[in-house]
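>>> quick one, fold the following:
(one chain, ligands or ions: 1)
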Amino acid sequence: MSGTAAQISVVPRRALRQTRRMSLPLRYTRLAMVLHWLVAVLIVANVALGLTAELYPETWVRPAIDLHKSIGITVLGLALMRVLWRLTHAPPPMPARYGRLERRGAHAAHLALYGLILALPLSGWVHDSAFAQAAQHPLRLYGLVPWPRIGFIQAMDLEAKQRLHAQWFSIHVALAYALYALFALHVAGALKHQLWDREPELRRMWS
Ligand code: HEM
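Numbering: from 1, shown residues only. This next block holds a predicted model:
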């Protein structure tokens with residue numbers, strides 16, 4: 001291809017990308033930032049509660065697990081709001097100098113994080129709905145708001161419920177491990193951009 005022909009095919013695409021970048025917002029909205037940090041803090045608290053619940057004195061174990069469930073359902077609601085926000089708003093563009101691989105990797109990690117943040121509370125809810133003593137321990141968010149178990153799971157016979165209860169706990173734990181790995185990657189990526197690339201990465205989600 002001659003130099004001119006190559007330029008004709010490349011320039012408009014580059015110009016189009018540039019125009020698209022310029023039409024993107026410069027920052028996240030306040031709501032997007034609040035949802036991001038609220039979900040992050042609640043997840044850290046819930047992982048800590050999930051991992052330590054059995055270590056508390058006998059009378060604290062049940063309240064700790066109940067609080068874990070309440071926080072988990074709250075995370076589910078907030079994460080759904082965050083997904084709705086993302087479907088209706090474009091995020092600010094990543095700095096132009098990040099390579100294509102880096103952008104794609106970041107997008108893939110963000111997508112997987114959304115998936116896990118939704119899948120973790122859902123798997124916990126399925127696990128809890130198959131709890132054989134569910135009727136004796138009704139689920140009330142923060143001890144106040146009644147929250148249903150999943151009806152068709154509760155209607156199963158005892159043996160099927162016990163099987164499901166164990167299977168979905170393993171799934172819940174496996175998803176938690178995947179979350180630890182992705183969370184570490186997410187934080188490492190943010191810190192690399194902030195400290196190594198000297199891009200104001202943390203400010204994008206802070207102010
Ligand atoms: C943000 C959402 C959630 C996160 C990050 C999370 C994380 C965890 C973790 C890390 C554990 C400990 C696993 C282990 O022993 O290795 C756990 C246990 C557990 N989770 Fe979740 N969970 C979430 C939501 C839920 C929800 C919504 C429910 C139920 C409605 C639930 C029910 C449980 C139960 C019953 C246990 C076992 C607690 C015990 O017996 O010690 N989780 N969760």
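>>> quick one, helices of this protein?
Assigned by DSSP state H, the helices in the chain fall at 3-22, 30-52, 58-88, 100-129, 151-154, 158-191, 201-204.
>>> tabulate the ones you listed (CSV), appending mean neighbour count.
C-betas here are computed from N, CA, C, even on glycine. Formatted as CSV, these follow (neighbours: other CB atoms under 10 Å):
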stretch, mean neighbour count
helix 3-22, 10
helix 30-52, 15
helix 58-88, 16
helix 100-129, 17
helix 151-154, 12
helix 158-191, 14
helix 201-204, 15
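>>> the residue nearest to His36 when sequence neighbours are not counted: neighbouring residues, count only.
Of all residues not flanking His36 in the chain, Met205 sits nearest, at 5.7 Å (CB to CB, 6 or more residues apart in numbering). A total of 16 residues lie near Met205 under the criterion other CB atoms under 10 Å.
>>> columns mean pLDDT and distance to Gly143 on top of the helices of the chain, output as a markdown table?
As requested, the helices of the chain are arranged in a markdown table below (pLDDT from 0 to 100; distance: least, CB to CB, whole Å):
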| stretch | mean pLDDT | distance to Gly143 |
| --- | --- | --- |
| helix 3-22 | 59 | 49 |
| helix 30-52 | 95 | 15 |
| helix 58-88 | 96 | 7 |
| helix 100-129 | 94 | 16 |
| helix 151-154 | 96 | 21 |
| helix 158-191 | 95 | 22 |
| helix 201-204 | 70 | 36 |
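>>> circling back: is it true that the residue nearest to His36 touches Leu35?
No: taking CB atoms under 8 Å as the definition, Met205 is not a contact partner of Leu35, at 10.5 Å.
>>> centroid residue for the chain?
The centre of the chain sits closest to Ile117, judged by CA atoms, centre = their mean, with a distance of 2.9 Å.
>>> so what's that residue up against?
Residues in contact with Ile117 (CB atoms under 8 Å, 6 or more residues apart in numbering) are Val39, Ile43, Val75, Ala79, Leu179.
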